[in-house]
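Peer 1: Structure of the sequence below:
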Amino acid sequence: MQSTKMVKVMFVVALIAIAFCSASSLNLESVATVDHRNASLHDTWTGGSGVCTNVDRRDLVYYNHANLLAISLGSTITSTYSWSGSRTIYCIEVVTNFGTTAQISSGGVGFDSTSLSIQSEAGRDLEAIIYIYGD
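Peer 2: Next comes the predicted model:
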């Protein structure tokens, strides 16, 4: 019985150490501004102005810092994030770690709701910071 508890404690300590190492080695990719109609594999979607850098932080309607740890070397992590409200989305920005991709699966810029599908590279953690701005 004692050895089972010790194994569980060692497992938890190992997970905490992996999480700490992963967070400290986060390598953020640069965020690109692109036309939202062709942005299925890019990080930023914008409205008609084509600029997501002039957002008003008071227009932030959704924020999430997703941090999911990879369990095995060959698997990918896929997660979905959604927002729905009464404001029209004019900018979606997803800052990811290397190898993670984001895709709009429904709604998006010009809509009052959106769903994003974010997927990690095989064997890597999924880390993404999601910002959605609405008028």
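
Peer 1: mind listing the helices for this protein?
Peer 2: Assigned by DSSP state H, the chain shows helices spanning 2-24.

Peer 1: count of residues packed around W83?
Peer 2: 20 (other CB atoms under 10 Å). Every residue, glycine included, has its C-beta placed from N, CA and C.

Peer 1: how near is the residue lying closest to it once chain neighbours are set aside to G123?
Peer 2: Distances taken as CB to CB, 6 or more residues apart in numbering put Y62 closest to W83, at 4.1 Å, once the chain neighbours are dropped. Separation of Y62 from G123 (CB to CB, to the nearest Å) stands at 29 Å.

Peer 1: More neighbours: which of the two?
Peer 2: Of the pair Y62 and G123, Y62 is the one with more neighbours under other CB under 10 Å, namely 18 against 14.

Peer 1: From L73, how far off is that one?
Peer 2: Taken as CB to CB, the span from Y62 to L73 is 32 Å.
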